[in-house]
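Undergrad: could you work out the structure for the sequence below:
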Amino acid sequence: MNLNKAKKLCAGLPGATQDVKWESSLVFSVGGKMFAATHTDPKAGRISFKVDDDAFLALTDRPGFIPAPYLARAKWVQIDDLKAVSDEEAAALLRRAHEIIFGKLTKKLQKDITEGGP
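TA: Reported below is the predicted structural model:
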C-alpha cells in the first residue's frame, strides 16, 4: 500500500477535512468525526481507520493488521505492514471508513456535505 496515495484518497473524499492532533497524528474527519489517522512523519509507515464490527475481527486476524492503539474499542484497525494490503484494498477500506462515519452524521449535515453547503 502506498501511504501517500492513501492520504490523497482520504483528503479527496466528500466533506473530508484533515488536521494534526496529539502533536503528530494527521487525522482525516468528516462532519467533525474521525475516520482515519496516520503519523505526520511518512517514515512511520502505518495508518489507522474505522471498520465495521464484523470486519474488525477478520482484519485483526490477518498479518500486518492490529487493533488500533487507543481506538480498538471503537472498532479501529491499524495497518502496521503496508505490504500486507494492496492499494486497491486499502482504498476500499478507507472509503468504507468514510462511509461508516458519514452514515452516523445527522441527515442535515449529510445533506450539507453532499450538496456542498456550509
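
Undergrad: residue nearest the centroid of the chain?
TA: Ala36 (2.4 Å; Cα atoms, centre = their mean).

Undergrad: look up phi and psi at that residue.
TA: phi -160, psi 150 (degrees, to the nearest 10).

Undergrad: same check, this time on the one 5 residues further on
TA: Dihedral angles of Asp41 (phi, psi; degrees, to the nearest 10) stand at phi -90, psi 110.

Undergrad: run a quick neighbour tally on it.
TA: The local packing of Asp41 (other Cβ atoms under 10 Å) involves 9 other residues. Quick note: C-beta positions are derived from backbone N, CA and C, even for glycine.

Undergrad: that one touches Leu26, doesn't it?
TA: No: counting by Cβ atoms under 8 Å, Asp41 sits too far from Leu26 to count as a contact (9.4 Å).

Undergrad: which helix of the protein spans the most residues?
TA: helix 87-103 (DSSP state H).

Undergrad: show me what that one is packed against.
TA: With contacts defined as 3 or more Cβ pairs under 8 Å, 6 or more residues apart in numbering; DSSP states H and E, the packing partners of helix 87-103 are helix 3-12, strand 25-30, strand 33-39, strand 47-50.

Undergrad: who is Ile66 paired with across the strands?
TA: Gln78 (DSSP bridges).

Undergrad: now the host helix or strand of Leu59: average pLDDT?
TA: If you go by DSSP states H and E, Leu59 is part of helix 53-60. Helix 53-60 shows a mean pLDDT of 93.

Undergrad: gap between it and the chain center?
TA: 15 Å (Cα atoms, centre = their mean, to the nearest Å).

Undergrad: likewise for stretch 34-52?
TA: 6 Å.

Undergrad: that one: which residues count as buried?
TA: The neighbour-count check on stretch 34-52 (16 or more other Cβ atoms under 10 Å) flags 34-38, 46-51 as buried.
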